[in-house]
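Peer 1: Give me a 3D structure for the following:
(chains A and B)
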Amino acid sequence: MSLPEHQTPELRRKNLRLAWWLGALALFFLVTSFPFWNGLFKIVGNQAAP
Amino acid sequence: MTATTLTHDEVHHHDTPRGWRRWLFSTNHKDIGTLYLFFALTMLFLGGASAMLIRMELFQPGIQLLEPDLYNNLVTNHALLMIFGAVMPAAAGLANWMIPMMIGAPDMALPRMNNLSFWILPAAASMLILSFVVPFFPGGGTQINTGWTLYPPLSIQVGMSMDFLIFAIHLLGISSVLASINIIVTLLNMRAPGMTLMKMPIFCWSWLVTAFLLILVVPVLAGGVTMLLFDRHFGTSFFDAAGGGDPVLFQHLFWFFGHPEVYILLLPSIGVLSHVIPAFSRKPLFGYHSMVGAMLAVATIGMVVWAHHQYTIGMSLGAVTYFMIGTILISIPVGLMIFNFIATMWRGSMTFETPMLFAVAIILMFTFGGLSGVMLAVVPADMQYQDSMFVVAHFHYVLMPGAVFGLFAGVFYWLPKWTGHMYDERLGKLFFWINVIGFNITFFPQHFLGLAGMPRRIVDYNVMFTEFNVVSSIGAMIFGLSHLLFLYIIIKTIRGGKQARNRAWEGAKGLEWELDSPPAFHTWTVAPQIR
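Peer 2: Numbers count the residues shown, from 1 in each chain, chains lettered A, B, ... in the order given. Here you go, the predicted structure:
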């Protein structure tokens, strides 16, 4: 049995679609990490005890 | 859950590829699982060797073997090799081997990506090892003396070895994210007909939760170290106070990854225990639904309590109170898991083969590590314990039993299935006892050292700490060398031994035990029907 034989074309499309969504989620967390954390950091920082 | 269609042997062994191509170009989940496991074993020995050097140095006060920078470099490398090189790949190896067989799938959903996920790892490990080696060459710069946390400003000042380390982390992160995507897609799309999510084996659930955690937190670490790289080379000031940045921001980014990482290491082992304990208690797992809920709760709460690692940076009272209460809340779902395991064993027909011995040891020792974790979660107490050997003792009591012993339990539990041979039970038990006794001799005294004020990540110490350090170092040698016995058992079992039955353990349940031992190269080419 070679590689894609165990998947129907429909299942393969479904798998790839979900994989791309998950990849996009990871990318989203990567690119938003700085602005998100910087903003949160400032909020917490502003509350810091003198 | 019962499989009614068990046609798994239509594909015969004769189409198994041969030679190096089998491993380099493999898209077979079992082969890739094997590659992950051997890679992890290699890294375990490298990380273990660095730990033994550290303990040799700490055998006596004063400087014996290692210069301070080299000592700190070894501390850094030990952590990174063990976490990223040994434990995570070992858990991924178990996932690759077992998930398709457990859910009745012929392979992982994305087999080519599975190959890529693995083969990125040796490149990443090479970068990691180079980061250790480079400073020994002319012009190689200073050694990495930051510890695995890589806090700036120190990490900005370190030589080029830090760049190797940052790229190694990038590669390791890409590998982890790709593997996680593959696991999630496999678990959501490739289950056998009739296997609903709530009929899925707990090991698969543990990996579903772990894979989502990885996808959510690893990119944040990647973002953090990328900013570090920019601060080092491109004139930015994300973490440089002189340019308007703040090094504490990096701590937030790091620990948003670093704390869930503990659960990433822990949850697959909890999944293993959820199979081992019922098998050797000859009872179904107590509280399947609550187990799933507890894992989801641990992952969710675990993602929002990261700053308990940073109490001493000067957060507001509201912030530290939130992080303290949130952290202590985690003990509720973790306690639930432990009580479920105990309830599973209650009045069961228990036998104590090696996997079960590890399981019982985990319950006792991981609970102990959890209790010292509650101590550390309390802000005023943590102010005393911060950066002391008490912290080292605590996280080793969490991670060794919680993660590594769980992986040992899994390897011994499924080794007969993988190899077709029963391992030598007498040697397995011997390994268990030497390992567990060595571990406790090593790390138990470190609690007292920490409480007495011995700081961690320091090459030298006051003579008042000598006795406990001597005991700890002797324990470390016993503990470290015991892993050679583990290697011997593995090799011996692969080479031969008593033939394993398909259901190697009397009480074992699940689709994987319906398959031959060892299973055919391709399994579940016709999906089983689950009732």
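Peer 1: For residue B:440, which non-adjacent residue is closest in space?
Peer 2: The shortest distance from residue B:440 to any non-neighbouring residue, by Cβ to Cβ, 6 or more residues apart in numbering or on different chains, is to residue B:475 (7.2 Å). The way it works is simple: take the backbone N, C-alpha and C, and place the C-beta from them, glycine included.
Peer 1: Any buried residues in the host helix or strand of that neighbour, and which?
Peer 2: Element membership of residue B:475, judged by DSSP states H and E, is helix B:466-495. Residues B:468-469, B:471-473, B:475-477, B:479-480, B:482-483, B:485-486, B:489-490, B:493 are the ones in helix B:466-495 that count as buried (16 or more other Cβ atoms under 10 Å in any protein chain shown).
Peer 1: Next, give phi and psi for residue B:388.
Peer 2: Note on residue B:388: its backbone torsions stand at phi -110, psi 170 [degrees, to the nearest 10].
Peer 1: got it, and residue B:455?
Peer 2: phi -70, psi 160.
Peer 1: Next, count neighbours for it.
Peer 2: Residues within reach of residue B:455, counting by other Cβ atoms under 10 Å in any protein chain shown, total 15.
Peer 1: Surely residue B:290 and residue B:339 touch.
Peer 2: No: counting by Cβ atoms under 8 Å, residue B:290 does not reach residue B:339; the two are 9.2 Å apart.
Peer 1: any idea how far residue B:89 is from residue B:96?
Peer 2: As judged by Cβ to Cβ, to the nearest Å, residue B:89 and residue B:96 stand 10 Å apart.
Peer 1: How about residue B:41: what's its closest non-neighbour residue?
Peer 2: Among residues not flanking residue B:41 along the chain, residue B:487 sits closest, at 7.1 Å (Cβ to Cβ, 6+ apart).
Peer 1: Model confidence at that neighbour, what's the number?
Peer 2: On the pLDDT scale, residue B:487 is placed at 97.
Peer 1: Residue B:427 versus that one, what's the distance?
Peer 2: Counting by Cβ to Cβ - residue B:487 and residue B:427 are separated by 11 Å.
Peer 1: So for residue A:2, what's the pLDDT?
Peer 2: pLDDT, residue A:2: 47.
Peer 1: Check residue B:159 too.
Peer 2: 89.
Peer 1: Could you report the neighbour count for the closest residue to it other than its chain neighbours?
Peer 2: Nearest non-adjacent residue to residue B:159, counting by Cβ to Cβ, 6+ apart: residue B:141, 1.7 Å away. Residue B:141 is flanked by 15 other residues according to other Cβ under 10 Å.
Peer 1: Find the nearest non-adjacent residue to residue B:269, please.
Peer 2: residue B:406 (2.2 Å).
Peer 1: Assumed the one you found was part of a helix.
Peer 2: Yes: according to DSSP: H, G, I helix; E, B strand; the rest coil, residue B:406 belongs to a helix.
Peer 1: gap between it and chain A?
Peer 2: 26 Å (Cβ to the nearest Cβ, to the nearest Å).
Peer 1: Residue B:170 too?
Peer 2: Computed as Cβ to the nearest Cβ, the residue B:170 to chain A distance reads 11 Å.
Peer 1: Would you enumerate the residues in contact with that residue?
Peer 2: For residue B:170, the contact set (Cβ atoms under 8 Å, 6 or more residues apart in numbering or on different chains) comprises B:222, B:225-226.
Peer 1: element containing it?
Peer 2: With DSSP H and E as criterion, residue B:170 is part of helix B:161-189.
Peer 1: Flag every residue of the stretch 251-400 of chain B that's near chain A.
Peer 2: B:252-253, B:256, B:314-319 (Cβ under 8 Å from any Cβ of the partner chain).
Peer 1: just the contacts of residue B:170 that are near chain A?
Peer 2: Of the residues in the contacts of residue B:170, proximity to chain A by Cβ under 8 Å from any Cβ holds for residue B:222.
Peer 1: out of the contacts of residue B:170, which are inside helices?
Peer 2: With helices defined by DSSP state H, the entries of the contacts of residue B:170 inside them are B:222, B:225-226.
Peer 1: which among those residues gets closest to chain A?
Peer 2: residue B:222 (5.7 Å; Cβ to the nearest Cβ).
Peer 1: Look up the closest residue to the closest one, ignoring the ones flanking it.
Peer 2: Leaving aside its sequence neighbours, residue B:222 sits nearest to residue B:173 (Cβ to Cβ, 6+ apart; 4.7 Å).
Peer 1: wait, what's in contact with the one you found?
Peer 2: Residues in contact with residue B:173 (Cβ under 8 Å, 6+ apart) are B:218-219, B:221-222.
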